[in-house]
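Participant: Kindly generate the corresponding structure for this input.
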Amino acid sequence: RLHGKGARLLLFESKDTIPGAYTVTINRYGASYLCGAMAKDYEALIMVAMKGIDVADDAVQAFQLGHDRHAENYRNSCNVIYLANDERGFAMPDSAYRTLTAFLRQRLPYQGIVFPLLGGSEVGVVRAMNDMTINPALFIGMDVDQSRQSKNTPYSMVVHIGDVLYDHLYDWYNGKEWPQTRRFGLADKAINVVINGAFLDRISSFDNPFTELETTITDFYDSFINEAIKEEEEHN
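Facilitator: Model (predicted):
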């Protein structure tokens, strides 16, 4: 227990009410729904570290819902791969690399998009995508803007955790009380989908079916953002 003057304990990624502590969580449901809707014209692969984590399970559900609700040619085409049966799945980049590489090689050319919910294991996804230069597959950046890490990233689901922390520290410094538990989401701009404006400049020019994506990707965002916010509010 903290005893310093004005000391507070703030726990991230928890929506529980905990005596003596404040909790904050980032709701990824709306942003995941938006990512799925924006990928509506492509087959999708969802890679997940493990089952049973509420944040990841909600993201899988939301992405599938957004994708299938708007897909025409690829409705019900979301493949889901779980990397492990426990928390080790969040720290298995080599396994993620091998799993994705095998998946892509069996489907060359895989004209689809990967949605990675892998924590630290996502490093393997980035490496696999960058190594398989003959494959036109794409992947959605996760947590931070990953447009500079791979030419195959048309957009990223970015969590602005630094802004949330800054706002809490600012209120604390100014003597303002925090709600005991808070949940931020798409409507609060604590999380958003950030488009890679240089996507076309980086992607390979050879017979790539995604070369027209840049002309529509912003339109997709504008078309589905309000719907995604509504879905997130109804899911809470």
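Participant: just for this structure, where's the confidence low?
Facilitator: Applying pLDDT under 70 to the chain flags the ranges 1-6, 200-215.
Participant: Where do the strands of this protein begin and end?
Facilitator: Assignment of strands within the chain using DSSP state E yields the ranges 10-12, 22-26, 43-48, 78-82, 112-117, 138-139, 141-143, 155-159, 181-184, 191-195.
Participant: Now render those as CSV, adding mean neighbour count.
Facilitator: Glycine gets a C-beta too; all of them are placed from N, C-alpha and C. Shown next, in CSV, are those (neighbours: other CB atoms under 10 Å):
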stretch, mean neighbour count
strand 10-12, 14
strand 22-26, 20
strand 43-48, 22
strand 78-82, 16
strand 112-117, 26
strand 138-139, 25
strand 141-143, 21
strand 155-159, 22
strand 181-184, 16
strand 191-195, 21
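Participant: Of these, which is nearest Asp222?
Facilitator: When the strands of the chain are ranked by proximity to Asp222, the top entry is strand 191-195, at 10.5 Å, counting by CB to CB.
Participant: in its sheet, what does the closest one sit against?
Facilitator: According to DSSP bridges, strand 191-195 has the following sheet partners: strand 155-159 (antiparallel).
Participant: Dump the strands of the chain into CSV; add distance to Thr101 as well.
Facilitator: Converted to CSV, the strands of the chain look like this (distance: least, CB to CB, whole Å):
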stretch, distance to Thr101
strand 10-12, 33
strand 22-26, 30
strand 43-48, 12
strand 78-82, 12
strand 112-117, 12
strand 138-139, 13
strand 141-143, 19
strand 155-159, 22
strand 181-184, 36
strand 191-195, 26
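Participant: Out of those, flag the one nearest Glu72.
Facilitator: Glu72 lies closest to strand 43-48 among those, at 12.2 Å (CB to CB).
Participant: Packing partners of the closest one?
Facilitator: The elements that strand 43-48 packs onto, with contact taken as 3 or more CB pairs under 8 Å, 6 or more residues apart in numbering; DSSP states H and E, are helix 54-70, strand 78-82, helix 93-105, strand 112-117.
Participant: among those, which is the most enclosed?
Facilitator: Comparing these by mean neighbour count (mean count of other CB atoms under 10 Å), strand 112-117 comes out on top with a mean of 26.
Participant: Show me what that strand packs onto, helices and strands only.
Facilitator: Under the contact definition 3+ CB pairs under 8 Å, 6+ apart, strand 112-117 sits against helix 29-38, strand 43-48, helix 54-70, helix 122-131, strand 138-139.
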